[in-house]
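Colleague: show me how the following folds:
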Amino acid sequence: MARRAAWGHDTLPRKRAGAVICAMTSQVMEFSAPARMIRAVHLINAASPPPPSPSSHVGALLREWRSARRLSQLDLALEVGMSARHLSCVETGKAQPSRDMVARLADALEMPLRERNTLLVAAGYAAKYAETDLSTAQMAPVRRAIEFILKQQEPYPALVTNRHWDMLMGNQALLRLFGRMRGGPPTHGNVLRQVFDPADMRPYVANWEVVAGDLIRHLHNEVAAAPSDAKARALLDEVLSYPDIPPGWRTRDPEATPLPLLTTEFHWEGGKLNFLSTFSTFGASRDVTIEELRIECLFPADDRTAEVCRSLASAA
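Modeller: Numbering: from 1, shown residues only. This is a model prediction of the structure:
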């Protein structure tokens, strides 16, 4: 399990490593964006993937993804067993790929399930992968697995986000920590907005430039790895519009390497609390909702942080 900064997540531009969920947290809670509070779980209501815009025909999408993967037409054509000339005709709209060819191209480009659906729809076919609401009976085993992790993580914080960093669920420890730290839950329902907004969690993160810099690098990489993800691009533009953002963060540095381990430090009653984070995902998922879930568990990096978390639980 990779360790990254709290709220961070490493993007794999090629091979997507499916991590196995591991046991780690008391009552499962949900972060409700409209109410801006954490409450008992009612889970997300995911929508189906939107159809592509008229300009996003299958050829344009393939060209974007091929460029993002740094593949030539010949490289991609050889990998899927077609001629470079045929691929060129598909990219320019002169030829229509079969459904099977679309699937092989998506495999070669290692596209996430949501983008595979978009590619299929752009080529004139029905979407293949479901996006199932977590509140349905079909998803009960997934909910139980998530709830188990969140409960086992107590008295330390844990949260669940989707691929756009929207906060879906959190445990009681997270509620206690934020409630004591700032008198209530964060203002925003999105982790990136929480960290970058000076009116939200930003003043409470002692090593903000380190944590925010790592987050913005991850977001740049996610945008580069998924060129058709307009929501991620819009989120990047939004967080970069907050005040006092270092100029160097506005462009992606492809040579930047992720930190092997990063501690997130919170200001706390004259001192600091230090946490390390681990991230879990469901491997080999065939559902868009499941594939995009990220479960973050925050572990104390020192004895004082561990004792504060235990004391907050005992006083609850």
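Colleague: so which helix or strand of the protein has the lowest pLDDT on average?
Modeller: When the helices and strands of the chain are scored by mean pLDDT, DSSP states H and E, strand 37-40 comes last with a mean of 35.
Colleague: pLDDT score assigned to Arg143?
Modeller: Looking at Arg143, its pLDDT is 92.
Colleague: show me how the protein divides into domains.
Modeller: Domain segmentation of the chain under automatic domain parsing yields 3-45+153-315, 58-122.
Colleague: closest to Ala140 out of those?
Modeller: domain 3-45+153-315 (10.8 Å; C-beta to C-beta). C-betas here are computed from N, CA, C, even on glycine.
Colleague: distance between that closest one and the chain's centre?
Modeller: 9 Å (C-alpha atoms, centre = their mean, to the nearest Å).
Colleague: buried stuff in the very next helix or strand once past the least confident helix or strand of the chain?
Modeller: Tracing the chain past strand 37-40, the next element assigned as helix or strand by DSSP states H and E is helix 58-68. The neighbour-count criterion (16 or more other C-beta atoms under 10 Å) identifies 58-66, 68 as the buried residues of helix 58-68.
Colleague: for these, which one is nearest His188?
Modeller: Among the buried residues of helix 58-68, and counting by C-beta to C-beta, the member closest to His188 is Ala68, at 28.5 Å.
Colleague: quick one on the thing from earlier: turn the buried residues of helix 58-68 into a markdown table, columns for distance to Ala234 and pLDDT.
Modeller: Formatted as a markdown table, the buried residues of helix 58-68 follow (distance: C-beta to C-beta, whole Å; pLDDT from 0 to 100):
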| residue | distance to Ala234 | pLDDT |
| --- | --- | --- |
| Val58 | 23 | 93 |
| Gly59 | 24 | 95 |
| Ala60 | 19 | 93 |
| Leu61 | 18 | 93 |
| Leu62 | 23 | 95 |
| Arg63 | 21 | 95 |
| Glu64 | 16 | 92 |
| Trp65 | 19 | 94 |
| Arg66 | 23 | 95 |
| Ala68 | 18 | 90 |
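Colleague: among these, which one sits closest to Ala158?
Modeller: Closest to Ala158, out of all of the buried residues of helix 58-68 and judged by C-beta to C-beta, is Ala68, at 32.0 Å.
Colleague: quick check, that closest one in contact with Ala225.
Modeller: Yes. Contact criterion C-beta atoms under 8 Å: Ala68 and Ala225 qualify, at 6.3 Å.
Colleague: mind naming the longest strand for this structure?
Modeller: Using DSSP state E to assign secondary structure, the strand with the most residues in the chain is strand 271-280.
Colleague: packing partners of that one?
Modeller: strand 3-4, strand 264-268, strand 294-300, helix 303-315 (3 or more C-beta pairs under 8 Å, 6 or more residues apart in numbering; DSSP states H and E).
Colleague: so which of these is the most packed in?
Modeller: Among those, ranked by average contacts under mean count of other C-beta atoms under 10 Å, first place goes to strand 294-300 (a mean of 23).
Colleague: okay, and for the stretch 1-150 of the chain, where does confidence drop off?
Modeller: Along the stretch 1-150 of the chain, the model assigns pLDDT under 70 to residues 1-56.
Colleague: how about the helices in it?
Modeller: For the stretch 1-150 of the chain, the helices defined by DSSP state H, counting those that start in this stretch occupy 58-68, 73-80, 84-91, 99-109, 113-122, 140-153.
Colleague: so for Gly248, which of those helices sits nearest?
Modeller: Of all the helices of the stretch 1-150 of the chain, helix 58-68 comes closest under C-beta to C-beta, at 22.1 Å.
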